[in-house]
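**Q** Next comes the sequence, and after it the predicted model I'd like to discuss.
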Amino acid sequence: MIRFNNVSKRYENGHDALKHINVTLDKGEMAFLTGHSGAGKSTLLKLITLVERSTRGDVFVNDINLSKVSNRKIPFVRRNIGMIFQDHRLLYDRSVFDNIALPLIIAGHPHREIGRRVRAALDKVGLLKKEKLEPIMLSGGEQQRVGIARAVVNKPPILLADEPTGNLDPELSAEIMGLFQQFNQVGVSLLVASHDLGLIARMKYRTITLKDGMLVGDGGSL
Amino acid sequence: MVKKKQRIEKKSPEKRGASSQKVGIVSRLKMLIHLHRQEVRNSFKGMVKTPISSFMTLAVLGIALALPGGLQVVLKNSNMLSEGWDGASRFSLYLEQSVTDDVATSLSNRLKARSDVAEVELISRQQALDEFQDSSGLGDALEQLEENPLPIVLEILPATNYSTPEASQAMLKEFRKLPEVELAQLDMQWVKRLYYLIDLADRAVFALSLLLGLAVLLIVGNTIRLAIQNRREEIEIIKLIGATNAFIRRPFLYTGLWYGIGGGLFAVILIGASLWWLSDPVSQLAGLYDSGYRLTGLSFKETFELIGFSTFLGLTGSWISVTRHLSRINPT
């Protein structure tokens, strides 16, 4: 599903964020990506979503070589990847419903289908009664669940999460992780970047560890 | 509860992946039309949401457009007024004393047949004398004359497209060559002045229109640039979700469209109000000159053209701005 083939990334300021990364995430696999801040977790996720491009080596997503994707085609790659952010990145000038509907509107889904799919996603994250509210009226955990609903509403085969529980207390974090597990059970591939080692240890999933841009650990739970 | 639902919706992984791709072309088109209608509404709502700043932008656009539009109307009115003055470009042909009334009549008919002549008026000796007696107050003295000293006069009005100074000059030369004509006159200074004055005003208004059109383009462009900057974060987010540039561009283009239409309407209202304000004094003044002259406002076609031009400028301004600024915003 996701494959890094000897990938290096050097930023314009000369900083080597990733060095010779070889890693594969199989279809339907769930893994954690961990390491200290600055170890290259975010860069790795940015390469998958084409926010950045690799300096050397190739990244494959869904068997598509991202080095060969033109800027114009980037949106179509991103539509197959659900993204969840630490700061939720919701649009605060519109309702919860409209936030979640956005990926479907962008992809041009018919109007009637949008309502059905948005409600299904809201139901999944347990916010069915809050579709008319504005995101700002929700708690941090609820906002994150809106972000998750938005990421999965388009039913992408891949979900990426960048520190999804960074701002949440342990109980809410566990709830979010429970949701991820549910998605994984229905066949979605997940890559979750986190430095919450306690949480990762409890989850018992494959853990990919980065240090100074290099892959230093890849295997069962810590 | 949540878990229960989850199990019901369970599908094979392949099916899930594929379902995010397949959207039929017809439903895609339907959705696109629906989206466009929504953007038209949303961009309008967006302007209404910030009424003061939107109104100020529209006012600036309206004033910028009303100036050339209004001057065009003034020009049109002065053109109409000058048409009433075309006596200034009349030729007066004073015929030789020896020319009889019959010869003068046949000459008048010959001249009338020319394509560059609109009208010929024959003033006989007696008519001329009567007029002179009336207007000069020398009635009795003139009656003492044995012979009428006045010549037959032909007053010629050139056809409209021959009223330029050059054409008039050429015609005058021809008239002077006629054997029956003793003296041919044309008040050239008057014609020239009027003609060049109108030409000058015409060009000045054109240059002004060009400059103010450019101003409208810049105003809309700048307004859209600010709108893009205000929504920078939003643009980054929807780019991450997979929005194409066309999708992101759309609301800004519709906003530009609305500014164009609104600015044009504002200009039409400003011009209408100014004319209404001027109409009373103008008709009073015209009344003093025994003229039924009235100000003419924008015709339906001109109103349509002004709003159309304004809409075009709004759309173009926002297009330039969006194209320039949108590509610089990339998610981080």
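**A** Good, I have the coordinates. Residues are numbered from 1 along each chain as shown, chains lettered A, B, ... in the order given.

**Q** ok, how many other residues are close to residue 205?
**A** Answering for chain A, as no chain was given. Number of residues near residue A:205 (other Cβ atoms under 10 Å in any protein chain shown) recorded here: 18. Every residue, glycine included, has its C-beta placed from N, CA and C.

**Q** not quite, I wanted chain B
**A** Using other Cβ under 10 Å as the criterion, residue B:205 is surrounded by 18 other residues.

**Q** go on, residue A:131?
**A** Applying other Cβ under 10 Å, we find 19 residues neighbouring residue A:131.

**Q** ok now do it, which residues does it touch?
**A** Applying Cβ atoms under 8 Å, 6 or more residues apart in numbering or on different chains, we find residue A:131 in contact with A:95, A:96, A:97, A:100, A:118, A:119, A:122.

**Q** And it, what's its pLDDT?
**A** Per-residue confidence at residue A:131 stands at 90 (pLDDT).

**Q** what secondary structure does the residue nearest the centre of chain A sit in?
**A** The residue at the geometric middle of chain A, judged as the C-alpha nearest the mean C-alpha position with Cα atoms, centre = their mean, is residue A:160 (1.7 Å). Reduced to three states with DSSP: H, G, I helix; E, B strand; the rest coil, the structure at residue A:160 is strand.

**Q** With respect to residue B:24, which of the contacts of residue A:131 is nearest?
**A** Within those, the smallest distance to residue B:24 is 19.7 Å, found for residue A:118 (Cβ to Cβ).

**Q** residues touching that closest one, list them.
**A** A:97, A:100, A:101, A:104, A:131, A:149, A:153.

**Q** Now for these: which two are most distant?
**A** For these, and using Cβ to Cβ, no pair is farther apart than A:104 and A:131, which are 13.9 Å apart.

**Q** Would you mind measuring from residue B:153 to residue B:101?
**A** Residue B:153 sits 12 Å away from residue B:101, taking Cβ to Cβ, to the nearest Å as the criterion.

**Q** Neighbour count: those two, which is higher?
**A** The residue with more neighbours, out of residue B:153 and residue B:101, is residue B:153; 19 against 12, by other Cβ under 10 Å.

**Q** what number of residues lie near the residue nearest to the more buried one when sequence neighbours are not counted?
**A** Spatial nearest neighbour of residue B:153, chain neighbours left out: residue B:123 (4.3 Å); criterion: Cβ to Cβ, 6 or more residues apart in numbering or on different chains. The local packing count at residue B:123 equals 17, with neighbours defined by other Cβ under 10 Å.

**Q** Quick check: residue B:123 touching residue B:132?
**A** No: in terms of Cβ atoms under 8 Å, residue B:123 does not count as a neighbour of residue B:132; the distance is 10.6 Å.

**Q** Buried residues, the helix or strand where residue A:120 lies. List them.
**A** With elements taken from DSSP states H and E, the one containing residue A:120 is helix A:111-124. Neighbour-count burial for helix A:111-124, with 16 or more other Cβ atoms under 10 Å in any protein chain shown as criterion, is recorded at A:114, A:117, A:118, A:119, A:120, A:121, A:122, A:123, A:124.

**Q** same check, this time on stretch A:132-151
**A** Of the residues in stretch A:132-151, those scored as buried under the neighbour-count criterion (16+ other Cβ under 10 Å) are A:134-135, A:138, A:141-151.

**Q** and chain B, which of those reach it?
**A** Residues of the buried residues of stretch A:132-151 in contact with chain B (Cβ under 8 Å from any Cβ of the partner chain): residue A:150.

**Q** Who are the packing partners of the worst-scoring helix or strand of chain A on mean pLDDT?
**A** Comparing helices and strands within chain A by mean pLDDT, DSSP states H and E singles out helix A:197-203 as the least confident, with a mean of 84. In terms of contacts (3 or more Cβ pairs under 8 Å, 6 or more residues apart in numbering or on different chains; DSSP states H and E), helix A:197-203 is packed against strand A:30-34, helix A:170-185.

**Q** wait, which of the ones you listed is closest to chain B?
**A** helix A:170-185 (5.3 Å; Cβ to the nearest Cβ).

**Q** Give me the contacts around that closest one.
**A** Contacts with helix A:170-185, where a contact means Cβ under 8 Å, 6+ apart, come from A:28, A:30, A:124-125, A:140-141, A:144-145, A:148, A:152, A:159, A:161, A:164-165, A:168, A:190, A:192, A:196, A:198-199, A:202-203, B:2-3, B:6, B:10.

**Q** So, low pLDDT: which residues of the chain?
**A** No chain specified, so I'll use chain A. Within chain A, the stretches falling below the threshold (pLDDT under 70) are A:220-222.

**Q** let's do chain B instead
**A** Counting by pLDDT under 70, chain B contains low-confidence residues at B:1-23, B:81-89, B:137, B:139, B:187-191, B:290.

**Q** repeat that with 50
**A** B:1-21, B:87 (pLDDT under 50).

**Q** ok, which stretches of chain A are helices?
**A** Along chain A, the segments classed as helices by DSSP state H run A:41-48, A:74-78, A:96-107, A:111-124, A:140-152, A:170-185, A:197-203.

**Q** and what of chain B?
**A** So, for chain B - with DSSP H - the helices run B:2-8, B:13-19, B:25-49, B:51-83, B:101-112, B:125-136, B:139-143, B:165-177, B:188-230, B:232-241, B:245-288, B:300-326.
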